[in-house]
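Make a model of this:
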Amino acid sequence: MEQKTPLYDCHVKAGGKIVPFAGYLLPVQYETGVIAEHMAVRTKCGLFDVSHMGEVTFRGPDALNNLQMLLTSDFSGMAVGQVRYSPMCNEEGGIVDDLIVYRMGEESYMVVVNAANREKDVAWMRAHLTGDVTFEDISDTVAQLALQGPCAETILSSLARKEEIPFKYYTYCSDVMVGGVRCIVSRTGYTGEDGFELYCAAKDAEALWNTLLHAGAEEGLIPCGLGARDTLRLEAAMPLYGHEMDDAVSPLETGLGFAVKMGKEAFIGKDAIQRRGKPQVKRVGLEVTGRGIAREHQDVFFEGEKIGHTTSGTYCPYLEKPLAMALIDAERAEAGTEVAIDIRGRKVAAKVVALPFYKISHNK
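Take a look at the predicted model:
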């Protein structure tokens with residue numbers, strides 16, 4: 001049976017179309033529709049309920065050592081107030097999940113896991129803990145809201161002190177009062193826009209949601225659902241677990257090499273990634289030049305030979321074109337390569353293009 005986030009009643013009241021997703025009942029869209037929600041985030045601002053995401057904590061003298069072994073990135077030089085992205089691999093070099101790590105104190109970290117992987121991730125982490133560390137799953141006590149878009153900082157500044165709003169991308173401030181609600185405010189997101197992810201106690205989620213929507217009304221802030229969250233992340237070429245990565249795909253194959261620090265002494269999966277050698281598969285962008293919209297799990301061909309498959313695809317509202325991501329043979333991954341996608345039994349022309357499709361400058 002699906003769970004409800006603390007904001008379920010807010011979504012129903014606002015006319016959200018509720019669907020099951022990752023074990024939760026969440027709005028796929030509101031009466032405004034996916035395209036209007038997508039465009040609001042690109043041009044003004046959107047508010048998402050992402051309370052289905054999981055949060056775990058590592059505390060104690062060996063908290064860092066455990067993260068260093070569990071995850072592929074390097075956290076040894078991470079300061080309190082910083083946020084870092086990292087895959088977590090299995091012994092074969094495939095991806096268990098991709099995570100966001102917050103350094104909360106000298107011996108304290110919070111890790112955000114994908115909702116669909118929460119139980120799997122918690123079990124994996126528990127099974128590999130070593131030394132003096134306290135590990136806790138705090139997901140059910142935490143709500144997470146994402147305020148995303150060009151007007152996000154203006155809206156947040158009307159509710160919180162400017163000096164308590166994180167200035168740099170992938171940093172956070174804790175104990176921030178946002179309209180009377182105590183939050184962790186993180187300058188992060190999954191839309192390709194500037195914006196913030198706010199963590200608060202589950203009991204305070206409804207007050208924070210309503211306060212943000214009221215404060216942002218004049219800036220064009222609207223609630224957004226899962227549909228726009230997916231089209232936005234695809235347009236920004238952000239990978240999604242179960243699509244661009246899974247237990248068999250290496251982080252190097254799916255373009256996450258920036259978060260794999262092979263110079264570390266050890267991490268789970270390091271030896272397997274080394275044995276795999278230079279990736280023979282690469283994540284690429286595809287622009288559909290023929291008539292049709294590519295979706296996931298569609299075969300990609302080069303001169304009649306299958307070279308891979310699409311992992312995500314849709315019509316991207318802001319860029320006004322059908323786009324897809326795919327895992328294909330690395331030797332065919334050069335931008336400009338003309339390919340074909342099998343869309344419901346019909347070979348549709350496409351070409352390889354550089355990723356990301358859409359990008360703003362995070363110059364802060």
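
need the helices for the stretch 51-200 of the chain, in chain order.
Along the stretch 51-200 of the chain, counting by DSSP state H, counting those that start in this stretch, helices occupy 63-70, 118-127, 152-157.

who touches the last one?
Contacts made with helix 152-157 from outside it, assessed by CB atoms under 8 Å, 6 or more residues apart in numbering, are listed as 45, 147, 165, 178, 185, 193-196, 212, 215-216, 219, 221. Any C-beta I mention is one placed from the backbone N, CA and C, and that applies to glycine too.

Okay, buried residues for it please.
In terms of neighbour count (16 or more other CB atoms under 10 Å), helix 152-157 has its buried residues at A152, E153, T154, I155, L156.

Can I get the residues you listed in TSV including distance to R276 and pLDDT?
Below are these laid out as TSV (distance: CB to CB, whole Å; pLDDT from 0 to 100):
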residue	distance to R276	pLDDT
A152	40	98
E153	42	98
T154	46	98
I155	45	98
L156	43	98
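
Now do the strands in the stretch 1-150 of the chain.
3-4, 17-21, 24-29, 46-49, 54-59, 83-89, 95-105, 108-113, 134-137, 142-148 (DSSP state E, counting those that start in this stretch).

Pick the most buried one from these.
Ranked by mean neighbour count under mean count of other CB atoms under 10 Å, the strands of the stretch 1-150 of the chain are led by strand 46-49, which reaches a mean of 28.

Partner strands of it, with direction?
Strand 46-49 pairs in its sheet with strand 142-148 (antiparallel), strand 222-224 (parallel), by DSSP bridges.

Report the backbone C-alpha coordinates of that strand in PDB.
Extracted C-alpha coordinates of strand 46-49, given in PDB (Å, rounded to 0.1, in the frame of the first residue of the first chain):
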ATOM      1  CA  GLY A  46       7.700  26.100  -9.300                       C
ATOM      2  CA  LEU A  47       7.200  24.300  -6.000                       C
ATOM      3  CA  PHE A  48       7.600  20.600  -5.800                       C
ATOM      4  CA  ASP A  49       6.900  18.100  -3.000                       C
END
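
what's around R291, how many residues?
A total of 10 residues lie near R291 under the criterion other CB atoms under 10 Å.

How about Q280?
By the criterion of other CB under 10 Å, Q280 has 11 neighbours.

Same check on G93?
So G93, with other CB under 10 Å, has 23 neighbours.

and what of F258?
Using other CB under 10 Å, F258 is surrounded by 9 other residues.

Also M125?
Neighbourhood size, M125 [other CB under 10 Å]: 23.

M245 and V288, how far apart?
Per CB to CB, to the nearest Å, M245 is found 23 Å from V288.

out of those two, which sits in the busier spot?
Remark: of M245 and V288, M245 carries more neighbours, 25 against 20, as counted by other CB under 10 Å.

Out of the contacts of helix 152-157, which is nearest to G23?
Nearest to G23 among the contacts of helix 152-157: L147, at 24.2 Å, using CB to CB.

got a list of what the nearest residue to the closest one once chain neighbours are set aside touches?
In space, L147 comes closest to F196 once its chain neighbours are excluded; the distance is 4.9 Å by CB to CB, 6 or more residues apart in numbering. F196 makes contact with 146-148, 152-153, 156, 165-166, 185-189, according to CB under 8 Å, 6+ apart.

which residues does R103 bridge with?
Under the criterion used here (DSSP bridges), R103 is bridged to Y109.

Cross-check the contact I'm expecting between it and S76.
No. If you go by CB atoms under 8 Å, R103 and S76 don't touch, sitting 10.9 Å apart.

Go ahead and confirm K351 touches E338.
Yes. Judged on CB under 8 Å, K351 makes contact with E338 at a distance of 5.3 Å.

and D342, which of the helices of the stretch 51-200 of the chain is closest to it?
Nearest of those (CB to CB): helix 118-127, 31.3 Å.

relative to strand 108-113, how tilted is that closest one?
Between the axes of helix 118-127 and strand 108-113, defined by axes from the mean of the first three to the mean of the last three CA atoms, to 10 degrees, the angle is 140 degrees.

in helix 118-127, what's buried?
Across helix 118-127, burial judged by 16+ other CB under 10 Å covers R118, D121, V122, W124, M125.

next one: it to chain centre, how far?
Offset of helix 118-127 from its chain centre (CA atoms, centre = their mean, to the nearest Å): 19 Å.

Next: stretch 158-178.
Here stretch 158-178 is found 20 Å from its chain centre; the criterion is CA atoms, centre = their mean.

Could you list the residues in contact with that stretch?
Contact with stretch 158-178 is made by 81-85, 102, 104, 153, 156-157, 179, 182-188, 194, 196, 198, 200, 208, 211-212, 215, 362, 364, as judged by CB under 8 Å, 6+ apart.
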